[in-house]
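*Asks:* sequence first, then the predicted structure, then my questions.
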Amino acid sequence: MLAHRQLPPTEEDSALARMSGTVLARYARTNHPLRVRVTEQEQTIELPPGAVELLLEILQAMAAGRGVTIIPQNAELTTVQAAEILNVSRPFLIKLLENGAIPYHKVGTHRRVRMEDVMHYKEAINREREAALDQLVEDAQNLDMGY
C-alpha cells in the first residue's frame with residue numbers, strides 16, 4: 001500500500017467517529033495492546049498500542065470533518081505528493097531538493113523523495129517556527145507590550 005486516502009467524512013460519519021473515538025479513548029492505554037470484540041463474528045482481536053493510537057487520531061480527524069491520508073514511513077513520493085504534504089508549490093519543493101534541504105534520488109528523469117525525509121524536514125521547519133514565535137513572545141514581554 002503506497003497510500004490510502006479517505007475524503008472528508010459525511011456529517012453522519014463524523015458523528016459516528018466522534019462517538020467511537022470517545023468510547024475507544026476510555027479503553028486505550030499507552031503502550032498496552034487493546035482487545036476488541038467483533039460482535040458479528042464473535043471474535044476478539046488484539047490491537048497493538050501504535051495501531052490504537054493511530055486509530056484514535058483517525059477518529060479525531062474524522063470527527064472534526066477532515067479527510068485522512070495514511071502513507072507508510074518508507075514510501076517514496078513524487079514531487080507533487082511531497083509538495084502537497086508540505087503544503088508548498090512543486091517549484092518551491094524542487095528548489096528545496098536542489099539546495100539539499102531534502103534528500104532525493106532519481107528514477108529515470110523523475111525525482112523521488114522518501115516520506116521519512118519529508119517528515120524530518122517538516123518537523124525541523126515546525127521547530128524553527130516555534131522557536132521564532134517563542135523569541136517574539138519573549139521580546140514582546142521584555143518590551144512590556146502587554147502580552
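*Replies:* Thanks, I have it.
*Asks:* ok, how many other residues are close to Ile102?
*Replies:* By the criterion of other CB atoms under 10 Å, Ile102 has 20 neighbours. No exception for glycine: its C-beta is placed from N, CA and C like everyone else's.
*Asks:* apologies, that question was intended for Val88.
*Replies:* Counted by other CB under 10 Å, the residues lying close to Val88 total 13.
*Asks:* any idea how many residues pack against the nearest residue to it once chain neighbours are set aside?
*Replies:* What sits nearest to Val88 in space, not counting adjacent residues and going by CB to CB, 6 or more residues apart in numbering, is Leu96, at 7.8 Å. Here the count is done by other CB under 10 Å, and Leu96 has 19 residues near it.
*Asks:* cool, and Tyr121?
*Replies:* Neighbourhood size, Tyr121 [other CB under 10 Å]: 19.
*Asks:* isn't Pro8 right up against Ala63?
*Replies:* No: using CB atoms under 8 Å, Pro8 is not in contact with Ala63; the gap is 11.5 Å.
*Asks:* more neighbours, the two?
*Replies:* Neighbour count, other CB under 10 Å: between Pro8 and Ala63, Ala63 has more, with 19 against 13.
*Asks:* what's the more buried one in contact with, if anything?
*Replies:* Contacts here follow CB atoms under 8 Å, 6 or more residues apart in numbering; on that basis Ala63 touches 14-15, 17-18, 21.
*Asks:* ok, so what distance separates it from Glu11?
*Replies:* With distances taken as CB to CB, to the nearest Å, Ala63 is found 11 Å from Glu11.
*Asks:* do the same with Pro103
*Replies:* When distance is defined by CB to CB, Pro103 is 42 Å away from Glu11.
*Asks:* likewise Ala140?
*Replies:* Distance from Ala140 to Glu11, by CB to CB: 41 Å.
*Asks:* do His32 as well
*Replies:* 33 Å.
*Asks:* these two: which is more packed in?
*Replies:* His32 (11 against 8).
*Asks:* one step back: could you dump the contacts of Ala63 into CSV with secondary structure added?
*Replies:* Below are those laid out as CSV (DSSP: H, G, I helix; E, B strand; the rest coil):
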residue, secondary structure
Ser14, helix
Ala15, helix
Ala17, helix
Arg18, helix
Gly21, helix
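*Asks:* of these, buried ones?
*Replies:* By neighbour count, with 16 or more other CB atoms under 10 Å, the contacts of Ala63 hold 14, 17-18, 21 as buried.
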